[in-house]
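Student: got a sequence here, can you build the structure:
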Amino acid sequence: MALKHFLDLDVMTAPTLRDILTSSAKLKQGKGAGQPLAGRTLAMVFEKPSTRTRVSFQVGMQQLGGNVVTLSPQETQIGRGESIADTARVLSRYVDVIMMRTSAPEKLAELARYATVPVINGLTDESHPCQIMADIMTFEERKGDISNAVVAWSGDGNNVATSWIHACAHFGFELRLACPAGLPPSSKALAWAKDRGANVSVTTDPFTAAKDADCITTDTWVSMGDDAGNRHAMLQPFQVNEKLMATAKADAIFLHCLPAHRGEEVTAGVMDGPQSAVWDEAENRLHAQKGVLLWCLT
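Tutor: Here you go, the predicted model:
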């Protein structure tokens, strides 16, 4: 039987992603209680710092009855030159599933290629699929089925934006990306989505993207490992503020994958205002990832 890796949304099918979200919603409602992953162990490999990914995966696995081992390069032989392939082979003898958070997507791909247990993408510089699963879960809790909705992205065309592009092709919503010319979204992801008939567009005007949108979402201006350079100047016009939110529908929600920097990519008034769903969104990382873990292991 083929391993069920959760690596990127573009290599998943729409029915599978919907099944995972349905499972996640039931778990959040307290259904399917018990310990379905009792006796199973998750290894978490972190090459980048984390709050939400680390805590949500650990608590999620424990709530499902499983165990967790957390590893960093400083604590393993990866930091001393052992290959990802050899690490994958060894960890597969000890644990039942591996989650990796790394800068380099090629490391995640190598881990999955040599592991004999499922591998989950906890974030790379190219994508963040677990985050978008939580985001869609949050949207649907607040506003119902996301198909035919309009989601507006305002900011850097980064890894989170890429996973939004993948998601729009699977879930049927319209995605409008407003990004500076110097920080565009992935051309590869856009081509993939358009080949599948996705309703995705790119503009340099955030107000065009936000007009009558059901949701406005963004991310930090300087991600881990990025050179700040002139990013602040490039991204200032893309700040999600009260004026931009007023361009969207009156009941539009605001999403942010966190951590947030109030006064930069979003104003405090929006971040802490009535349209903000960021705390539900953060919580839903726990529930969405429990759905992913169950899918990988059952």
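Student: where do the strands sit along the stretch 51-200 of the chain?
Tutor: In the stretch 51-200 of the chain, the strands defined using DSSP state E, counting those that start in this stretch lie at 67-71, 97-101, 119-123, 150-154, 174-178, 200-203.
Student: show me what the second one packs onto, helices and strands only.
Tutor: To tie it back to what came earlier, the one meant is strand 97-101. Packing partners of strand 97-101 (3 or more Cβ pairs under 8 Å, 6 or more residues apart in numbering; DSSP states H and E): strand 41-46, helix 52-63, helix 84-94, helix 105-114, strand 119-123, helix 278-297. Yep, even glycine has a C-beta here, placed from its N, CA and C like the rest.
Student: so which of those is nearest I253?
Tutor: Among the helices and strands packed on strand 97-101, helix 278-297 comes nearest to I253, with 9.1 Å by Cβ to Cβ.
Student: what helices or strands is the closest one leaning on?
Tutor: Secondary-structure packing of helix 278-297 (3+ Cβ pairs under 8 Å, 6+ apart): helix 14-28, helix 52-63, strand 97-101, strand 119-123, helix 129-143, strand 253-256.
Student: L7: which of the strands of the stretch 51-200 of the chain is closest?
Tutor: Of all the strands of the stretch 51-200 of the chain, strand 119-123 comes closest under Cβ to Cβ, at 5.0 Å.
Student: next one: that closest one to chain centre, how far?
Tutor: Centroid separation for strand 119-123 versus its chain: 10 Å, with Cα atoms, centre = their mean, to the nearest Å.
Student: do the same with stretch 101-113
Tutor: For stretch 101-113, the distance to the chain centre is 16 Å (Cα atoms, centre = their mean).
Student: contact partners of it?
Tutor: The contact list for stretch 101-113 (Cβ atoms under 8 Å, 6 or more residues apart in numbering) reads 3, 5, 7, 44-48, 50, 53, 83-85, 87-88, 98, 100, 119, 121-127, 224-225.
Student: buried ones in that stretch?
Tutor: Within stretch 101-113, the residues that count as buried by 16 or more other Cβ atoms under 10 Å are R101, T102, S103, P105, K107, L108, A109, E110, L111, A112.
Student: cool, and stretch 89-101?
Tutor: L91, S92, V95, D96, V97, I98, M99, M100, R101.
Student: quick one: closest of the helices and strands packed on strand 97-101 to G172.
Tutor: For G172, the closest of the helices and strands packed on strand 97-101 is helix 278-297, at 18.6 Å, according to Cβ to Cβ.
Student: got the angle for the closest one vs helix 129-143?
Tutor: Relative orientation of helix 278-297 versus helix 129-143 (axes from the mean of the first three to the mean of the last three Cα atoms, to 10 degrees): 120 degrees.
Student: distance from the chain centre to helix 278-297, please.
Tutor: In terms of Cα atoms, centre = their mean, the centre of helix 278-297 is found 10 Å from the chain centre.
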